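1. using only what follows, build the 3D model:
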Amino acid sequence: MKENSNRLYYWDAWRTSFAARIVETVLQNRKQAVVLDNTYFYPASGGQPADRGWLNGVPVVDVSIRPEDGAVLHWLGDGDLGGEMVSAVIDWPRRFDHMQQHTGQHILSQAFWRVAQAETIGFHLTESNLTIDLNISSLSDEVVRKAEQLANQIVWENRAVHIRFATREDALALPLRKIPPTENGWLRLIEIEGFDLTACGGTHVRQTGSVGVIKVIRAERRKNKMRIYFLCGGRAWQDYEGKNGVVAALMGMLTTGEAELVTAVSRLQEELKQTRRTLKHQQTQLLAAKAERLLASATKLGQTRLVCHISADEDANTLRQLGNQLAQQENVIALLGLAGSRSFLFFVRSEDAPGDMKALLQTAVQILGGGGGGTAVSAQGGGPPATPDTLQSVFNQITQELHKLI
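-> Residues are numbered from 1 along each chain as shown. I've put the predicted structure just below:
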């Protein structure tokens, strides 16, 4: 195959350095790129991110393909190349990570096809995520486990990974999972010996053993397809290291063995639920007792009892609960306020009490310089910082308004 013969990564993904000559310089949106007479830098395509590295010490921050002619553009960071000949170095840890993940994807995709006849219709690789989308609406945990097990068996058998090229006509007679469109009539084929044959332009390891391990971490339904999240090689090891650290920490905190962790956490969850239920019951009792005390000292406006309460150490939710407790009694109006760095007002009445709480609240927040809203029965709002004395002055004016109405 002569087409794209200057893309040397097609044949050798293990090369970490090479010499090349600049044949073109490109300036676009104040960014500079160069085209080389040959390159081992992989450009972003097919779901795989681009390589990074250096040209004469100048960072290569991205690599892309120019649509018009297929030229590989090496986008540069700050620095001077100093001439047309460059010494190129590829960021090997990044390249090898992508090779592990991409070859692992081929293996896992074929495994899902063999176990569940689920075809891979999408592949995405980022710095932190690796996923495939399968054209199947559901997968049981057992099927996922079987596919993962088969994939790792292929990894541990250390099968050879071959690269070859074929015409589209030749490819039609081969057991390819999918035949994509071709630009020049040629397909680059990645063959995992005796297991998978896929058309792909990405970088891959030479033996499946280099993938290390394949671990599915999550499977979720996305409309009518399944998305599989997984990790290979170094990423899988880092994930294990992190989770093992969490398990070890929990074992120390709970003074229990690994096998008993789930039982111990379940027990704690149940205890927490019971504690929350008890606390909520006690809080309800305390609010009821407080409501009784406030009602006992309420101001009489005809047949209506007016409760005014200002707090500096409660919260808005507690005030709302207290107000709703009070409003459950007959013929009660409650004006509740929270002083502090931000004032809060909650006006509420029982169904049989007179007055428009929304209108009264609007009067109050206008005095404070804030805002709010609600209904004739219940309204809330807030404003800038206010002291208890400031809120008491506001409540005195609202009480005068109520005197006029009742």
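2. burial measure for D352, as a count.
-> The tally of other residues near D352 (other CB atoms under 10 Å) stands at 11. C-betas here are computed from N, CA, C, even on glycine.
3. how about it: what's its closest non-neighbour residue?
-> Nearest residue to D352 in three dimensions, chain neighbours excluded: N331, at 5.5 Å (CB to CB, 6 or more residues apart in numbering).
4. how about V213?
-> V213 sits nearest to A236 (CB to CB, 6+ apart), 4.9 Å away.
5. list the contacts for the one you found?
-> G212, V213, I214, K215 (CB atoms under 8 Å, 6 or more residues apart in numbering).
6. thought G233 was touching the last one, still the case?
-> No - under the criterion of CB atoms under 8 Å, K215 lies out of contact with G233, with a separation of 9.8 Å.
7. what touches both of those two?
-> Between them, K215 and G233 share no contacting residue, judged by CB under 8 Å, 6+ apart.
8. show me where the stretch 251-400 of the chain has strands.
-> For the stretch 251-400 of the chain, the strands defined by DSSP state E, counting those that start in this stretch cover 299-301, 304-311, 332-338, 343-349, 371-374, 378-383.
9. ok, the first one: who's next to it in the sheet?
-> Right, strand 299-301. With DSSP bridges as the test, strand 299-301 is paired with strand 304-311 (antiparallel).
10. re earlier: wait, the residue nearest to D352 sits on A353?
-> Yes - between N331 and A353 there is a contact under CB under 8 Å: 5.1 Å.
11. mutual contacts of these two, please.
-> With CB under 8 Å, 6+ apart as the test, N331 and A353 both reach T304.
12. those two - which one has more neighbours?
-> Legend: neighbour count by other CB under 10 Å for N331 and A353, higher for A353 (22 against 15).
13. and the gap between that one and A359?
-> Separation of A353 from A359 (CB to CB, to the nearest Å): 14 Å.
14. looking at the contacts of A236, state which has the most neighbours.
-> Tallying neighbours with other CB under 10 Å puts I214 at the head of the contacts of A236, with 28 neighbours.
15. top strand in this structure by residue count?
-> strand 17-28 (DSSP state E).
16. which residue lies farthest from the center of this protein?
-> G302 (58.9 Å; CA atoms, centre = their mean).
17. list the contacts of the closest residue to it other than its chain neighbours.
-> Once flanking residues are discounted, G302 sits nearest to I406: 5.0 Å by CB to CB, 6+ apart. Residues counted as contacts of I406 (CB under 8 Å, 6+ apart) are L301, G302, T304, P354, G355.
18. same check, this time on E314
-> L322, L338.
19. list phi and psi for it.
-> Note on E314: its backbone torsions stand at phi -100, psi -170 [degrees, to the nearest 10].
20. about what we covered before: of the contacts of I406, just say which sits nearest to V61.
-> Among the contacts of I406, G355 lies closest to V61 (CB to CB), at 66.8 Å.
21. ok, now which ones touch that closest one?
-> I333, R349, A376, L402, L405, I406.
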